[in-house]
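Chemist: based on what follows, work out the 3D shape:
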Amino acid sequence: MEYIKLGRVADFGAGRIRSYSVLGRHIGIVRDTDGRFFATEISCKHQNADLSTGSVKGNVVTCPRHGWRYDLDTGECISHMSAPLRRHDLRIEGGYFVVSV
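Modeler: Prediction:
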């Protein structure tokens, strides 16, 4: 499996989601409610809007374009029949997020 370095953990800040563009796709680093990090596809399945610019309440992110809602824990779209958001393997190495592509 191939990995790419995305950013420094120290630069994540107080937010819940940070989006990175990798090979034309949006990959999000998400801090869950327990403070742990995971990586997931972060583009809405409807029109590829960057979900990191949408609203987050609890573990649900709402797409800023048309309101599709996704459960960040499972990746499932909870407002429409849609494929789930794909997870990426995430490691933290030397203070950096390293994600499978």
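
Chemist: so which residue is dead centre in this protein?
Modeler: What sits nearest the mean C-alpha location of the chain, by CA atoms, centre = their mean, is G28, with 2.8 Å.

Chemist: who's in contact with that residue?
Modeler: I17, R18, S19, Y20, A39, T40, E41, I42, L51, S52 (CB atoms under 8 Å, 6 or more residues apart in numbering). Where C-beta positions appear, they are placed from N, C-alpha and C, glycine not excepted.

Chemist: okay if I get those residues as a markdown table plus secondary structure, neighbour count and distance to D32?
Modeler: What follows is the contacts of G28, written out as a markdown table (DSSP: H, G, I helix; E, B strand; the rest coil; neighbours: other CB atoms under 10 Å; distance: CB to CB, whole Å):
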| residue | secondary structure | neighbour count | distance to D32 |
| --- | --- | --- | --- |
| I17 | strand | 19 | 11 |
| R18 | strand | 19 | 13 |
| S19 | strand | 17 | 16 |
| Y20 | strand | 17 | 18 |
| A39 | strand | 23 | 12 |
| T40 | strand | 24 | 11 |
| E41 | strand | 19 | 16 |
| I42 | coil | 26 | 14 |
| L51 | helix | 29 | 15 |
| S52 | helix | 21 | 15 |
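
Chemist: looking at those residues, which is nearest P64?
Modeler: Closest approach between the contacts of G28 and P64, by CB to CB: L51, at 7.8 Å.

Chemist: surely the closest one meets K45?
Modeler: No - L51 is not in contact with K45 according to CB atoms under 8 Å; the separation is 9.9 Å.
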